[in-house]
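> Sequence first, then the predicted structure:
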Amino acid sequence: MSALNRFARVALPLTVALALSGCGSLSFFGGDKKVLPLPAVTGNANVVTAWQSALGGKQTSSLIPAVANGRVYAAHPNGALLVHDEKTGAVVGRFQVPAGKGTVSGGVAASQDMIVVGTSKAEVVALGLNGALLWSSKVGSEVIAPAAITDSTVVVLGGDGVLTALDAKTGERKWAIQRTLPALTVRSSAIPVSGRGAVFIGTPQGRLLAIDPATGAIGWEATVANPKGVSELERLVDVVGRPAMDAERICAGAYQGRVACFDLVRGTLLWSRDLSSLTGPLLDSKYVYAVDEKGVLQAFDKTTGGTVWKQDVLAGRRATGSALIGDFVAVQDADGLIHLIERNTGKIAGRGLSEAFASDVGLVASGDGALVQTKSGQLAAVSAR
């Protein structure tokens, strides 16, 4: 099953290449439209690199580091897995995914007692915190996102759209949920997350599911977006990125769809706003933040969904990810720049980094800062001053 490759500059005119063989494969390329200059910085905040670490050579896959136990776990596609002290960046462990398992394709997940990666050969590999192999299990297809780990299960998403749960102690298969994929899907997939005794995952059909990790029973299913239009491209409504949640609500965003928030327990819709995104939303004590495919960042009141502010921060550029850093929303673009936006006002307070920090997966929250795993094979911790 092929899927939609990550977008080059989705705000520009699109050239689409289709190869249909049951399912579709798409590539998007920027056209000739001129990109507008970046808006001026109106504050004096700076992006600071706290530490950097070399994971290996240049990487073409979209891997995401994990943060747990005061450690940062990051993998290179070649199977190298490095463990860093979260504050200092010191390497405190170097492990290797066993030979023959394929390249690392699903990013890293970590809990209090295990590290999990998924591979291109449909292997899910669990290591102890000392790097010892706990178990390895085969699933139906290449693993395309970091796992969600609960007390009893490890839940992984495959490129065939199947969500599979494995026993956390033995790796034995417990259940699987399979739904028919649309003819086209977005390669920047949804990422399963665990919380409040459930696993939450978005689907290429524009849905958000709450699943009992022990049994695979679907507790509730909510609609983030419904397909519109006639062509398969027009009808893309994949829920992308990680859902964002607090004690009461969970919010998700869909490409060519909406950003929507739901009651965490019942799945009832609290509010929604039309917005096409390629990254998941962010949530703090007051607002929900979402950046659309044209680089416009918006803050919504998390209770009502009302617009608090709107900022054309990327001026037609593509956002690869975002994170909350101190008093700012940090948005990274495809050129590696990180833009700092004041949470309360929407003003651009700072800008920094360079093409050397370009990433296909954007930012991962870490303490008061964020992590970025670059296409050049580096891991960097950044903060704002």
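Sure thing, it's come through. Numbers count the residues shown, from 1 in each chain.

> Domain parsing of the chain, as residue ranges.
Domain assignment of the chain by automatic domain parsing yields the ranges 1-34, 38-60+278-385, 63-187.

> For my notes, please list those domains in TSV and give mean neighbour count for each entry.
C-beta coordinates here come from the backbone N, C-alpha and C atoms, glycine included. Formatted as TSV, the entries for the domains of the chain read as follows, by neighbours: other CB atoms under 10 Å:
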stretch	mean neighbour count
domain 1-34	15
domain 38-60+278-385	20
domain 63-187	20
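
> looking at these, which one has the lowest mean pLDDT?
Lowest mean pLDDT within the domains of the chain: domain 1-34, a mean of 34.

> returning to what we had before: next, format the domains of the chain as TSV and append distance to Arg249.
Putting the domains of the chain into TSV (distance: least, CB to CB, whole Å) gives the following:
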stretch	distance to Arg249
domain 1-34	28
domain 38-60+278-385	7
domain 63-187	18
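
> Can you give me every residue that contacts the closest residue in space to Gln256 that isn't next to it in sequence?
Sequence neighbours aside, Ser276 is the residue nearest to Gln256 in space, at 4.8 Å (criterion: CB to CB, 6 or more residues apart in numbering). Contact partners of Ser276, counting by CB atoms under 8 Å, 6 or more residues apart in numbering, are 254-257, 292-293.

> Ile250 too?
Here Ile250 is in contact with 200, 208, 243-244, 261-262, 264 (CB under 8 Å, 6+ apart).

> can we see that at 6 Å?
Applying CB atoms under 6 Å, 6 or more residues apart in numbering to Ile250 gives the contacts 243, 262, 264.

> Now, of those residues, which are buried?
Neighbour-count burial within these applies to 243, 262, 264; the criterion is 16 or more other CB atoms under 10 Å.

> Surely the second one and Glu221 touch.
Looking back up the chat, that one is Phe262. No: counting by CB atoms under 6 Å, Phe262 stays clear of Glu221, with 10.3 Å between them.

> returning to what we had before: may I see the buried ones among the contacts of Ile250 organised as a markdown table, with secondary structure, pLDDT and distance to Gly336 added?
As requested, these are exported to a markdown table (DSSP: H, G, I helix; E, B strand; the rest coil; pLDDT from 0 to 100; distance: CB to CB, whole Å):
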| residue | secondary structure | pLDDT | distance to Gly336 |
| --- | --- | --- | --- |
| Pro243 | strand | 96 | 26 |
| Phe262 | strand | 98 | 34 |
| Leu264 | coil | 97 | 35 |
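
> can you list those in a markdown table and add distance to Lys286?
As requested, these are exported to a markdown table (distance: CB to CB, whole Å):
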| residue | distance to Lys286 |
| --- | --- |
| Pro243 | 18 |
| Phe262 | 18 |
| Leu264 | 17 |
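
> Looking at these, spot the one nearest Gly346.
Gly346 has its nearest neighbour among the buried ones among the contacts of Ile250 in Pro243, at 23.3 Å by CB to CB.

> From Glu221, how far out is the closest one?
Here the distance between Pro243 and Glu221 works out to 13 Å (CB to CB, to the nearest Å).

> again, but for Thr180
Noted for Thr180: a distance of 15 Å to Glu221, by CB to CB.

> Just want the phi and psi numbers for the nearest residue to Gly280 once chain neighbours are set aside.
For Gly280, the nearest residue in space outside its immediate sequence neighbours is Gly241; the separation is 2.6 Å by CB to CB, 6+ apart. Gly241 adopts backbone torsions of phi 70, psi -170, taken as degrees, to the nearest 10.

> does Gly241 really touch Thr279, like I thought?
Yes: shown here, Gly241 and Thr279 form a contact pair, counting by CB under 6 Å, at 5.0 Å.

> Overlap in contacts, the two.
Residues touching both Gly241 and Thr279 do not exist when contact is defined as CB under 6 Å, 6+ apart.

> Thank you kindly, that will do.
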